[in-house]
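Engineer: Predicted model follows, preceded by the sequence.
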Amino acid sequence: MQSAPAAAARCGRSPQRAPPARSARVSAPAGAGVASFARRAAPACVRPPATPRAERKVVVRAESGSASPAEEEGKDGFEILLPYAYGAMAVAFAAYFAVGVAAPEKLMSDVCFAGLSNTAFQGTGALEAALTRLAACAAAAPAAACWSLRSAAMHDRLKSTTYQRLNIGIALFALFQGFADTLLRYLELQAPCKASIIVGGVLPFVIASLGLWKGGISGEKLALVEDLVVAEDYKALADRPVATPRAAAHTIGYCVFMFTGVVLGLAPQEVLQWLGVDAPSSAACHIVRCVGALSFVTGKGHAVLKDGWNRGRLGASTFKQMDLGIGVAGVGQAAALGAAAASGVAAVSAATCIMCATWGVTGAFALYGFLTDKK
């Protein structure tokens, strides 16, 4: 231990004589830690600063997953509302998944075609129910993506490329879903249901756009959107694309789901004919468009997982959540289409087998990652 004159000299003060009796009695109390005793015994000018209690509380709350008071300060209204908006979308997708898997007919009558009296939708049967169950399985990936975006919005992490990719996926879903609903309500049925268009297309697009804006993509940086849609994904996928079976699964999954989203959204009737449906109804075509819209989120999720594999980050919570969502979506879609083919609703064609195999394999790898990846 330094003497009092030496400590005073280090502090820049003139040395003064300290009472010897008092300094002689300074000793480490029994049971006290060495670090705490050194802190008390050292001069005030060389003591390490203690962490204030308020800062300790902030750290504890931030690690617990909820926004801390320090994080809430300085946020504008949009930044405060975004976590709730993402959370509401996650709950809506999860409810869509649960109801569609358990009771697809109820989902068709109460959600998909609610309020429509067109005769084309009065005879919906086994094909439409099977497609609705398939669409419900596809909603698992957007539910996981929105839940991850909720956490990112709470902790100001939307500028990360991971969350920008997911926001782009939600925006693409909203554009194609809004297109499908508009086409259904206005062009085919002449019976518009504006609430469905707003909830299915407009609101998700607005929320995803706000997330991109708060993530750093403003009006003068719209070129970044193109990079995130194509260039950034290509960089992630081109880095050792088939180095391991899991890397290959995410690379193939991205290509298949993004291509599927475009094809199902723009040519649903032709896709149904490939699956052996001779005269698909308007209801079946609309549900196929919905599956295509949901596929964009799954495709962007595969790009996120491939990027996480490149960086060795697959054990992080965001990647685990996306593994679960994409795994449930892929395996569920494969099971739904396989069941439809087995029951005779869809033909056992080459297209059916390829789609079932691709969805099932990519989903199985994602579920395997969810079960085995460690932080």
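Structural biologist: Structure received. Residues are numbered from 1 along each chain as shown.

Engineer: And the helices in the stretch 101-250 of the chain, which stretches?
Structural biologist: 104-107, 126-138, 140-154, 161-182, 194-197, 203-214, 223-226, 232-238, 245-266 (DSSP state H, counting those that start in this stretch).

Engineer: Which one, of those, ends up nearest to Ala316?
Structural biologist: When the helices of the stretch 101-250 of the chain are compared by CB to CB, helix 161-182 sits nearest Ala316, at 9.1 Å. No exception for glycine: its C-beta is placed from N, CA and C like everyone else's.

Engineer: Can you list the helices and strands that that closest one packs against?
Structural biologist: In terms of contacts (3 or more CB pairs under 8 Å, 6 or more residues apart in numbering; DSSP states H and E), helix 161-182 is packed against helix 140-154, helix 194-197, helix 203-214, helix 232-238, helix 245-266, helix 282-311.

Engineer: worst average pLDDT in these?
Structural biologist: Note on the helices and strands packed on helix 161-182: lowest mean pLDDT is at helix 194-197, with a mean of 61.

Engineer: for the stretch 51-200 of the chain, which spans come out with low pLDDT?
Structural biologist: Low-confidence segments of the stretch 51-200 of the chain (pLDDT under 70): 51-76, 110-124, 184-199.

Engineer: So which of the helices and strands packed on helix 161-182 is nearest Gly332?
Structural biologist: Nearest to Gly332 among the helices and strands packed on helix 161-182 is helix 140-154 (6.6 Å), distances taken as CB to CB.

Engineer: Let's have the helices and strands packed on helix 161-182 in TSV, adding distance to Gly100 and mean neighbour count.
Structural biologist: Converted to TSV, the helices and strands packed on helix 161-182 look like this (distance: least, CB to CB, whole Å; neighbours: other CB atoms under 10 Å):
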stretch	distance to Gly100	mean neighbour count
helix 140-154	10	26
helix 194-197	15	16
helix 203-214	17	20
helix 232-238	28	18
helix 245-266	17	21
helix 282-311	10	26
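
Engineer: and the closest residue to Gly178 other than its chain neighbours, how far is that from Leu107?
Structural biologist: Closest residue in space to Gly178, ignoring its immediate chain neighbours: Gly201 at 2.3 Å, by CB to CB, 6 or more residues apart in numbering. Distance of Gly201 to Leu107, given as CB to CB, to the nearest Å: 18 Å.

Engineer: Name the residue in those two with the higher neighbour count.
Structural biologist: Taking other CB atoms under 10 Å, Gly201 and Leu107 do not tie; Leu107 has more neighbours (25 against 21).
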